[in-house]
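# Provided below for reference: sequence and predicted model.
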Amino acid sequence: MASIECDLLLFVATSTEFDALKKAAIDLGLPWRKEASPTGEFWNIGTLGGYRVVVVRTEMGAIGPTGSTRQAHFYLAATQAQGIVCLGMAFGISRQHQPVGTVLVSDSLFPYDVRDVVVDPDRAGSWIYRYAPEAPSYAATTYPAKPDLRDRLRRHAATTALSHPVQFGCLLTGSARIRCLAYRNELVRRCVDVAPNIVGGEMEGLGLLSLAERERPYWIVVKGVCDFADEQQIGDAKANRRLACGNAARFVLGALRSLNPPMAEV
Amino acid sequence: MKMSLADELFGPQVAEPPPPEARRWEFFLEKGVRPVYTFVRHRDGLGWTPARLVVSYPDAKPSMPPDPPIAWDPRLELWLLDHKIKAVDEKNEAERFGFWLGAQLEPIEVRYGSGYFNAVLVTYLRESGFIDHRMVRDKLDAIHSYPPSAGQVREDCTSQIKAVLATNARRLAALGYDRKAAIGILASAIAYHLDERFNIHTRALLGFD
C-alpha cells in the first residue's frame, strides 16, 4: 500500500466545514485532488509554506468509526505528518465581545468531562461536579497546542489585515452539543479555575488529545464562532456557519501560505 | 543594581537546586556506589507507553532493590548525565538519547516549522556520515521527503541540528564511551527518533510502504 505523503493534516467534520475549506483552497489557486486511503477519501492540496498538506474529513465529534480520534490515529500513523489542524466552527462565550465569525485559535484545549461528579452536600438528591487539577491519575488539566503551528498563526494574525477578529486562548472540548445558556455559563465558571483564558468550545479537538503525551502535541484547533451554545444555538449555527467556517479556513490557509520558506515547492 | 561583568558574560551564579530524587542518587555516589540507569518505554498498539526511568544499584553492598520507576523528566535526565550515570547497555543508551532528541530538536522545529525542519533534517542526515550506519539508512529510506533549496536559512537550520547532535556526542563521550561506540549509539538514537517522528514502524504495521 502506497503511503500518503504529507507534513500537515487539515481535519474538517461537517459538510459546511468541508465546503468552506474547499472554496478557500480553490480561491487561493490551490489544487484540490481527491485521493483514497483504506479508511476513505482525502484531498491533497499541494505544498503550502513548506508543508505538504492533506485534507481529511471526520464525522462530528471525537467518537465513532470516522470520528476525530480514529481518523487522527490512522492518518498520523499512515503518513509522516507532524501536525493536525482541526478546522471548522465553534461556540463563543460572549455575544458582546465575540462577533460571529471571530476565529478562535486554541493555545490549549480543556477536556471538560474530566471531572468528579458527587452528591451535592447542600441539596439532597442533587449533584455537583468539580475539577481536580491535582488528582494523581485523572487530573483536570489543559493541553497545550503544537508550538510551531501556534506561533505561526499568531504571527499571521499580528501581521495581516483580516476581515475578522482572531482570539487565542483555551477552547473547551467535549462531546456535548450545548444549547443552554445556564449550562454554558456554569461550565465556563467551573472550568476557569483550571483553564484560564477560555474563549469558546468545540467537539472534535477532544479526539486529538489521545495522540501522544501532553508534552508532545501534534495538533491545533482553529474554528470560527458560529453560535454561543445557548437556546438560539440551532438558528445561529444555521445562519452563521458558512461565515465561521470560511473565516477559519481562509485564516489557516493564508497563514500557511504566508510562511514561504525557501523550499522547493512540488 | 548594575550587573557585574562576570554575571553579564557567564550568567548569574544561581545554583539550581538538584531534583529531590537526586538526593538518593547522590547518597549512593558519595558511598562509591555507581547507580545504573534504565530507560523504559514500550510500544503499545499504535502508540507508546509513557517514558519512565529506573535507577538501580547493582554494586551496592548489601544488595539493594532498584528504585521504583519514575516518570521521565529532562531535569532528572540532565542531572544523571552530569553525574555520568550510564544506561544499562548500549541499546538502552540509544533509546534514552533517541527519546530525548525530540525535546532537544523541538526549539529548532518551532523556529522553522515542522515541514521545513523535516526536509532539512532528512537532507542533512542523508548527506552526513550517519548514512553509513544501516539503522539510520533504513529509516531514511522509509521517509518520503523533498529537498529544501540551498541558502542561508537552510544552512542556519542545519547548523542548529548539527549542534544538538554534537552536544549529544560529547555527552556520550563524557559517559565514558569511546568515539566509535559513541557514534554508534548516537546513530541508533537518531534511528529511534526518525522512526517515531515519521511513524515508520507504525506505518509498516498498517501495511503502508
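Yes, it's here. Numbering: from 1, shown residues only, chains lettered A, B, ... in the order given.
# got the residues of chain B near chain A?
Proximity of chain B to chain A (C-beta under 8 Å from any C-beta of the partner chain) is limited to residues B:46-47, B:50-51, B:102-103, B:106, B:109-119, B:143-149, B:151, B:153-154, B:197-199, B:202-203, B:205-209. (Each C-beta comes from the backbone N, C-alpha and C, glycine too.)
# list buried residues within those residues.
B:46, B:51, B:106, B:109-110, B:112-119, B:143, B:145, B:148, B:153-154, B:197-199, B:202-203, B:208 (16 or more other C-beta atoms under 10 Å in any protein chain shown).
# the residue nearest the centre of chain A and chain B, how far apart?
Centroid-nearest residue in chain A, with C-alpha atoms, centre = their mean: residue A:221, separated by 2.7 Å. Distance of residue A:221 to chain B, given as C-beta to the nearest C-beta, to the nearest Å: 17 Å.
# which SS state does that residue fall under?
strand (DSSP: H, G, I helix; E, B strand; the rest coil).
# spit out the contact partners of it.
Residue A:221 is in contact with A:85-86, A:90, A:104-106, A:109, A:145, A:171, A:173, A:202, A:204-205, A:208, counting by C-beta atoms under 8 Å, 6 or more residues apart in numbering or on different chains.
# now, which of the residues of chain B next to chain A lie within strands?
Judged by DSSP state E, strands contain the following of the residues of chain B next to chain A: residue B:47.
# which elements pack onto the helix or strand residue A:157 falls within?
Using DSSP states H and E, residue A:157 sits in helix A:147-159. Counting contacts by 3 or more C-beta pairs under 8 Å, 6 or more residues apart in numbering or on different chains; DSSP states H and E, helix A:147-159 packs against strand A:83-92, strand A:103-111, strand A:166-173, strand A:219-227, helix A:233-259, helix B:90-112.
# again, 10 Å this time
With contacts taken as 3 or more C-beta pairs under 10 Å, 6 or more residues apart in numbering or on different chains; DSSP states H and E, helix A:147-159 sits against strand A:83-92, strand A:103-111, strand A:166-173, strand A:219-227, helix A:233-259, helix B:90-112, helix B:114-127.
# list the buried residues for that helix?
Buried residues in helix A:147-159, counted by 16+ other C-beta under 10 Å: A:147-150, A:152-153, A:156-157.
# same check on stretch A:192-212?
The neighbour-count check on stretch A:192-212 (16+ other C-beta under 10 Å) flags A:194-195, A:198-209, A:211 as buried.
# the residues you listed in strands, which ones?
Per DSSP E, these map to strands at A:198-202.
# low-confidence stretches in chain B?
B:1-3, B:7, B:10-16, B:209 (pLDDT under 70).
# most centrally placed residue in it?
Central residue of chain B (C-alpha atoms, centre = their mean): residue B:97, at 2.7 Å.
# what sits closest to residue 204 if chain neighbours are left out?
Defaulting to chain A. residue A:68 (4.1 Å; C-beta to C-beta, 6 or more residues apart in numbering or on different chains).
# that's the other chain; I wanted chain B
residue B:142 (7.8 Å).
# which ones are touching that neighbour?
A:3, A:80, B:194-195, B:198-201, B:203-204, B:208-209 (C-beta atoms under 10 Å, 6 or more residues apart in numbering or on different chains).
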